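A.B. asks: Need a 3D model of the following:
(chains A and B)
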Amino acid sequence: MAALLDPPLLRRLEALALQVRRAVSGRMGGERRSNARGRSVEFADFRNYTPGDDFRLIDWNAYARLDRYMLRLFVAEQELPLSIFVDLSGSMDWGNPNKAATAKRLAGAIAYVALAALDRVRLTVFAVGPTSGGAPYRGRRAVAELFSRLQSFPVGGATDYARLVWPIGKQRPGMTVLISDGLGETSIDTAIAALGRARQEGAILQLLAPQEIAPDWTGDARLRDSETGVEREFTSTPLTKGAYLEALAHRGQEIERSAHRHGLRYAQLSTDQPIEDMVLRSLRRLGLLS
Amino acid sequence: MSFLVPGAAFLALTLPAIIALYFLRIRRPTRIVPALNLWPHQIRDRQANVPWQRLRFSWLLLLQLLGAAILVAAAVQPALSAGTSLARHSVVLLDVSASMQARDVAPSRLDEAKGQIGGLIDQMGSQDRMTLIAVGSTPRIVASVAGDRQALHRALGQVSATNGQADLSAALTLAAGLVRPGDDARAYFFGDGIVGPLRTDSSNGLPFPAEYHRVGVSGENVGLTSLVVRTGAQSRAGYLHLQNFGQQSRSFSLEWRADGRLVDVRPLTLAGGQAEDLVLPVPADATLVSAHVATSDVFALDDTVTAIARAPRQFRVLLVTPGNVFLEQALRLRADIQLDVVAPADYKTSAPYAMSIFDRFSPHALPDGPFIALDPPAGTSLAGGPAIGIGRTRATDAGDPLLTNVDLRDVHIARSQDLRSSAFGRPLITSLQTPLVLVRDEPFRQALFGFDLHESDLPLRIAFPILVENLSEWMLPPSVPSHSFHPDEPVTIVPETGATAVTVIRPDNSRRPLASNAIATFGDTDLTGLYTVEQVVAGNVDKSWFTVNLFSEQISQLKPAERLTLPPVNTAATVHALHRGQLEIWPWIALIALVIVVIEWLAFHRGL
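C.D. replies: Next up, the predicted model:
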């Protein structure tokens, strides 16, 4: 745990909470206002008593007035189901600071915020295909296990966003954070669209290394794709570097447009940004944390 | 066009080498990128996946070939034929005299001449040599038989103008000594032609032809050419001579100062060529007077003059004689001599005198100082042999400074002591029979006359007071002469008796120590203005002054000579045919190559 995030940072993260824009529906009680009726102090509605209901919820005042058993329904405060998808493909194993390592730390930080608020966290890493991070984690006691699991995942392989559609689609409505560089051979749009269909709110966090945001080399080179291993000869000049930067910016704009179209937030983060800064500043500005 | 380094053409091999590089496949470092599909398909034509490829058109290749070709062209150092004809050994004589400070050509005549010489240096071929001589009052070799143009330019840049006069004869003699017989040499004199008269030894001919390159255009100048202070019976006055050497009338003001204080300002107008003498008042307590004309002419060196106004120091002189009116009168002609005349019986040895004259008398102990002994009595230490009859007299050496202006042709002497065996000193005036006047420098300046003045007609001749004046000035030179000197003129300074330190302070306040125990010749008089001589005598600082002024009508006239008659080539010299100077253009070609390389670099980085 200590290797992933520092204790001082964890203490600061405890003051944060995931910010949802609509009510959540979890299976267990939590600190989130849900669509379900449950135990809380916030009145929601009345309904007729049917056998099997908890007789403790009968409104005896209403019985006295109406001579019918009525149940007082309250807004149930439920857990927030948070799904975190972390891209650990070959393209993420690049840059200084390393994108995959930063993605793990970022995912760990967001998960810690959720676990501290008794939210349920489901972790999925993906490259060629999705790999579940195990049963959903809940409560602070699960933090160590989640961090340990997060660190144990290997990095490598090509990205196939299309294979995320099925695990996303089986999720109940909730919050999803997808951390990726968005640079796979296939388009990330399919995964974003699947999130929209699954009524997920959350964010697409595009994580890039500073060396790919501003390449610092010129001249002749043999370029090798980190995921596919395909090579191509190339001459870096101000002209070609400009074309690359334009393509990178275009890719980011595409992801942002797609995310907004499906009600998701989008942020582009650089790995040279300290993790504290990412979480405490960028994600709060994004509205993901409060 | 010719090529100075044709061998450098082998560098043209770089052209096929560049083309070969385009044929060859280059080795590229492998770079792993996260997503190859973001990188454009941008690759140069010269990059191929095979060891050899077909040569295709490329702007970079074209620019590189062009740059290399131009660099090769610069390396062979092409040179164009210049307009100037040069000898293999050019002896350049640069006038650095005072008149070259004139600013009738911008920025000055000297700079103009240096510019012309710089052009000559640039046209030197690889085999050409140049000797550069600065022609001042003493010619100075600035660069000797040098072929390195950069070194010549540096040496030329360090030449500065002096305040003296140009001695072209000495410079030509010096140049002739630097040229070996049979050398293909030629002399070029760059100046305004205001030089001292050529000496006869120069007219014998030079071992090389010489050309005069005139520098300067105008002679418009107002100059002060004389200032002396005369002390009259009642007062002192400064006599100033000034002249407009130009052709145009000029109005200006004259400032007259005493010890730096303004005494008088006079507006003056002088027509072209007009001269004027002014008598200006000198305050009684003044030490130094100066005159300055505030004109905007092209020559400033003669606009300010200074003069010493203080009366010279008096010398006490003793004349011991039974009676000699001739001698007495001749000695009193010198204003700075205070003469005491005593009879031989009244002579006392202890009295301090700067000079003693013993007429027909000889003391028991001769004084330790200058003296003149005339017809010493027989039996004394200075007496010569028995008197012998003398006829005509003559000078032992007509060029002796002690006999300057002394005409001995009509001088007759009846009889004189026989001084042939005297060991007193060298003979100054002699006769067929015996030396008549002996002089010596050691231990003091002293003279011995073998005859009684009354037994000759010398006192009746004009030569007598002149001879006495010459001898007394020789024996009693003023410690520091108070008159004006010309720039670079040596000044004789005789330290005061007992002086422990002698220092000359120049007009720029630099100090030059001199020996305090011997007569010194001070030669650092290149600056015009006031020179102060400080002598420490018995712990006291005694100050005296002399001045250095241009005072040269020849220089102030300033008009450059249209023609200068230079000595001809002597018959023994071989005159070689001249060759054209070369104007090297390779620096410009190299500059073009540099521009091409920069364009190629920019093109490369723009991905052309």
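
A.B. asks: Next, count neighbours for the residue in the stretch 101-250 of chain B positioned nearest to chain A.
C.D. replies: Nearest residue of the stretch 101-250 of chain B to chain A: residue B:150, at 38.9 Å (Cβ to the nearest Cβ). Backbone N, C-alpha and C define where each C-beta goes, glycine included. Using other Cβ atoms under 10 Å in any protein chain shown, residue B:150 has 9 neighbouring residues.

A.B. asks: what about it, which SS state?
C.D. replies: helix (DSSP: H, G, I helix; E, B strand; the rest coil).

A.B. asks: Mind listing what's buried along the biggest helix by length in chain A?
C.D. replies: Looking across chain A with DSSP state H, the single longest helix is helix A:238-261. For helix A:238-261, the neighbour count (16 or more other Cβ atoms under 10 Å in any protein chain shown) marks A:240-241, A:243-244, A:248, A:251-252, A:255-256, A:258-259 as buried.

A.B. asks: Between helix A:238-261 and the helix or strand that comes right after that helix, find me the angle.
C.D. replies: On the C-terminal side of helix A:238-261, the nearest following helix or strand under DSSP states H and E is strand A:265-270. Inter-element angle recorded for strand A:265-270 and helix A:238-261: 150 degrees (by axes from the mean of the first three to the mean of the last three Cα atoms, to 10 degrees).

A.B. asks: Output strand A:265-270 in PDB with nothing but the alpha carbons.
C.D. replies: Output in PDB follows, covering the C-alpha atoms of strand A:265-270 (Å, rounded to 0.1, in the frame of the first residue of the first chain):
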ATOM      1  CA  ARG A 265     -16.500  14.000 -18.000                       C
ATOM      2  CA  TYR A 266     -13.100  14.100 -19.800                       C
ATOM      3  CA  ALA A 267      -9.700  15.200 -18.700                       C
ATOM      4  CA  GLN A 268      -6.300  14.900 -20.200                       C
ATOM      5  CA  LEU A 269      -3.600  14.400 -17.600                       C
ATOM      6  CA  SER A 270       0.200  14.300 -17.900                       C
END
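
A.B. asks: For the next helix or strand after it, report the contacting residues that lie outside it.
C.D. replies: Using DSSP H and E, the helix or strand that follows strand A:265-270 in sequence is helix A:275-277. For helix A:275-277, contacts defined as Cβ atoms under 8 Å, 6 or more residues apart in numbering or on different chains pick out A:5, A:9, A:12, A:102, A:105-106, A:109.

A.B. asks: Among those residues, which pair sits farthest apart?
C.D. replies: Pairwise distances across these peak at 17.9 Å for A:12 and A:102 (criterion: Cβ to Cβ).

A.B. asks: And these two? Which one has more around it.
C.D. replies: Neighbour count, other Cβ under 10 Å: between residue A:12 and residue A:102, residue A:102 has more, with 24 against 14.

A.B. asks: Tell me how many other residues crowd the nearest residue to the more buried one once chain neighbours are set aside.
C.D. replies: Leaving aside its sequence neighbours, residue A:102 sits nearest to residue A:271 (Cβ to Cβ, 6 or more residues apart in numbering or on different chains; 4.3 Å). Counted by other Cβ under 10 Å, the residues lying close to residue A:271 total 28.

A.B. asks: How about the one 3 residues further on?
C.D. replies: Counted by other Cβ under 10 Å, the residues lying close to residue A:274 total 13.

A.B. asks: Please report the number of neighbouring residues for residue B:260.
C.D. replies: With neighbours defined by other Cβ under 10 Å, the count for residue B:260 comes to 7.

A.B. asks: how near is it to residue B:237?
C.D. replies: 19 Å (Cβ to Cβ, to the nearest Å).

A.B. asks: Tell me where the chain has helices.
C.D. replies: You didn't pick a chain, so chain A it is. Along chain A, counting by DSSP H, helices occupy A:7-13, A:60-66, A:99-116, A:143-152, A:165-169, A:189-197, A:210-213, A:238-261, A:275-277, A:284-286.

A.B. asks: that answer is for a different chain, and I need it for chain B
C.D. replies: Counting by DSSP H, chain B has helices at residues B:14-23, B:59-75, B:109-122, B:149-157, B:168-178, B:325-332, B:463-475, B:553-557, B:586-605.

A.B. asks: before we move on, the earlier item: which one of the helices of chain A lies nearest to residue B:172?
C.D. replies: helix A:238-261 (66.5 Å).
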